[in-house]
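Enquirer: The following comprises the amino acid sequence and a computationally predicted model.
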Amino acid sequence: MPIITNIDDLKRLHKRRAPKMFFDYAESGSWTEQTFRENTSDFDKIRFRQRVAVDMTNRTTKGSLLGTDYEMPVALAPVGLTGMQNADGEIKAARAAEKFGVPYCLSTMSICSIEDIRQNTSAPFWFQLYVMRDEDFVDNIIQRAKNAGCSALVITVDLQILGQRHKDLKNGLTAPPKLTPKTLLNLSTKWSWGLEMLGTHRRTFRNIVGHAKSVENMSSLHSWTAEQFDPALNWETIAKLKENWGGKVIIKGILDPEDAKEAVKAGADAIIVSNHGGRQLDGALSSIRMLPKIVEAVGGQIEIHLDSGIRSGQDVLKALAMGADGVMIGRAYIYGLGAMGEKGVTTALDIIQKELDTTMALCGKRNISDIDRDILLVPEDFEGRWT
Ligand SMILES: Cc1cc2nc3c(=O)[nH]c(=O)nc-3n(C[C@H](O)[C@H](O)[C@H](O)COP(=O)(O)O)c2cc1C
Ligand SMILES: O=C(O)C(=O)c1ccccc1
């Protein structure tokens, strides 16, 4: 086993271990992948101010998200098909999150169900909702999330239609994979993945299977999404969902100050500034570039979380210093899961926490609440004038 010291090491192992169809699915952005690339390269443009001779004893990365204390203000983002990267992947990720002390968010499009997570963990988790055309399905799944004691409903608003990711179409992505000569050839080189997968009955979208508009005969994820997801979703729908849910609501996929204001009006408790990891509108700006204007528009009324492009604890610190109250990581933990299951997710969280802690210290900060824009050096044209 190679020595793992950073998130990139986990990505290499994930690529080696998981079937090509699923690694490609995780690693893709939409169309030219410009937004996907800029999500990470924009973080690289932001630099730190080194401060010295500041007492560094008693440092902590502890922080809170929506009134709950965590080991660091970092949540595991909802990721569809997580259980295809590694058998029972959602349960493993949720367990790693619980043991570490950060929130886990389960996707509507996960392999394991809400009930699977409830039975295998004890910390409250967040549930991410995709609004489907079928209102009964939506009512029912909200009720299931309530029954499971989920502590927040994360409503994703940036995927009424799916951004095209070329590789998914070429690979014929489905879950479970269709056994064509091409996929069989690839699966034959992925022994450990296959053996673990055979050992579980959780191999399809268990939140949805058995429902009237089911997934049993899915020919491709892209066509299925086009049939099932509600293209009519709007701010009124969101206000109604909030009422139906009755608890905390996080609106995920905000990238514009005007939409951030709409989310506040609709009664959101928090927003997630996100471009879906560069998987939806190719050509959109990175979320870290859009963050400052959104922070200004929201004016402290609700919490602002950010995702898309975070690959290190340094990136977490940059997002917090630019005004986010917390962040979500997607691929950074999925690489760990694909590489080594639960242990890999724990490793990813450990790596990110150590990087965050060390960088805070070298910037002269001991607490998350002390982090401010002053620790950064940002090029003058970073936000730029886009008209
Ligand atoms: C493979 C994959 C599947 C995803 N599935 C979902 C999903 O089901 N629901 C959702 O709201 N976001 C989904 N996302 C978006 C993530 O929640 C998150 O916004 C994104 O991964 C953040 O970017 P990062 O991967 O660069 O950290 C997915 C992202 C990836 C990479
Ligand atoms: O792939 C995604 O980003 C995603 O959110 C999704 C959308 C439809 C089905 C499964 C996952």
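Expert: Arrived safely. Ligands and ions are numbered 1, 2, ... in the order given.

Enquirer: Can you tell me how far Glu236 is from Gly267?
Expert: Shown here: Glu236 relative to Gly267, a distance of 12 Å by C-beta to C-beta, to the nearest Å. From N, CA and C alone the C-beta is placed, and that goes for glycine too.

Enquirer: Could you check which of these two has the larger neighbour count?
Expert: Gly267 (14 against 10; other C-beta atoms under 10 Å).

Enquirer: where does the closest residue to Asp158 other than its chain neighbours land on pLDDT?
Expert: Nearest non-adjacent residue to Asp158, counting by C-beta to C-beta, 6 or more residues apart in numbering: Gly253, 2.9 Å away. Gly253 carries a pLDDT value of 99.

Enquirer: Over to the one 4 residues further on?
Expert: Pro257 carries a pLDDT score of 98 in this model.

Enquirer: Neighbours of it, how many?
Expert: Residues near Pro257, counting by other C-beta under 10 Å, number 16.

Enquirer: how deep is Arg16 tucked in, by neighbour count?
Expert: 12.

Enquirer: can you offset everything so residue one is 10?
Expert: With 10 as the first residue, the last one maps to Arg25.

Enquirer: Need the contact partners of whichever helix or strand it is part of.
Expert: Using DSSP states H and E, Arg25 sits within helix 16-26. For helix 16-26, the external contacting residues (C-beta atoms under 8 Å, 6 or more residues apart in numbering) are 11-13, 32, 35-36, 94, 199, 201-202, 320-321, 340-341, 343-349, 353, 356-357, 360-361.

Enquirer: Would you mind writing the CA trace of that helix as CSV?
Expert: C-alpha atoms of helix 16-26 as CSV (Å, rounded to 0.1, in the frame of the first residue of the first chain):
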residue,chain,number,x,y,z
ILE,A,16,-6.0,14.0,-1.5
ASP,A,17,-4.4,13.4,-4.9
ASP,A,18,-2.9,10.1,-3.6
LEU,A,19,-6.4,9.0,-2.8
LYS,A,20,-7.6,10.0,-6.3
ARG,A,21,-4.9,7.8,-7.9
LEU,A,22,-5.9,4.8,-5.8
HIS,A,23,-9.6,5.4,-6.5
LYS,A,24,-8.9,5.4,-10.2
ARG,A,25,-7.0,2.1,-9.9
ARG,A,26,-9.6,0.4,-7.8
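
Enquirer: Identify each buried residue in that helix, please.
Expert: By neighbour count on 16 or more other C-beta atoms under 10 Å, the buried set for helix 16-26 is 16, 18-20, 22-24, 26.

Enquirer: Stretch 253-268 now?
Expert: Residues of stretch 253-268 classed as buried: 254, 257-264, 266, 268 (neighbour count, 16+ other C-beta under 10 Å).
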